[in-house]
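Asks: need the 3D shape of this:
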Amino acid sequence: MTRSNSAATAETQQSWASVLRITEVAAGLPASESHRPATSGAITLQMVLEKLQAGWRWVERKRSQQISAKRLRVAETISLGEKRTLSIVMVDGSQYLIGSSAGGVQLLTKLDDNNRDERSQ
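Replies: Predicted coordinates:
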């Protein structure tokens, strides 16, 4: 009888040990020694993911800063042939008509609100 009692006791202990391991994992508690490599891997993976998220947030922040920091933008360009173009350039909300050729670049006029209204009609 002592053998069957000890076998039953061993099975009960193993059963409870399994329940405790499952409970520890579900609760996010440190696992027992037998499961430490899996937990270490999970912790390492979590740390890597956190670093990747932090890096992505940094990249997005820098990108948005660059976009908002741009003061100069070419709104439209038309080719006139032989390396000559007309461009509308926006600088801090103002628009300018710029002509360029092989010989250089020249400001033709500043476009005001009246010019914008005429173009939209």
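Asks: and the contacts of the top strand by length along the chain?
Replies: The residue-count maximum for a strand in the chain (DSSP state E) belongs to strand 72-81. Here strand 72-81 makes contact (C-beta atoms under 8 Å, 6 or more residues apart in numbering) with 85-91, 95. Bear in mind the C-beta positions are built from the backbone N, C-alpha and C, glycine included.
Asks: okay if I get these as CSV plus neighbour count and distance to residue 41?
Replies: Listed next are the contacts of strand 72-81 as CSV, based on neighbours: other C-beta atoms under 10 Å; distance: C-beta to C-beta, whole Å:
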residue, neighbour count, distance to residue 41
85, 15, 59
86, 14, 62
87, 16, 57
88, 17, 57
89, 18, 55
90, 16, 53
91, 11, 54
95, 19, 58
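Asks: which of those residues sit farthest apart?
Replies: With C-beta to C-beta as the measure, no two of the contacts of strand 72-81 lie farther apart than 85 and 91, at 17.4 Å.
Asks: pLDDT weak spots in the protein?
Replies: Along the chain, the parts satisfying pLDDT under 70 run over 1-38, 114-121.
Asks: in the longest helix anywhere in it, what counts as buried?
Replies: Criterion DSSP state H: the longest helix present in the chain is helix 36-69. Residues of helix 36-69 classed as buried: residue 39 (neighbour count, 16 or more other C-beta atoms under 10 Å).
Asks: run a quick neighbour tally on residue 84.
Replies: Residue 84 has 13 neighbours, counted by other C-beta atoms under 10 Å.
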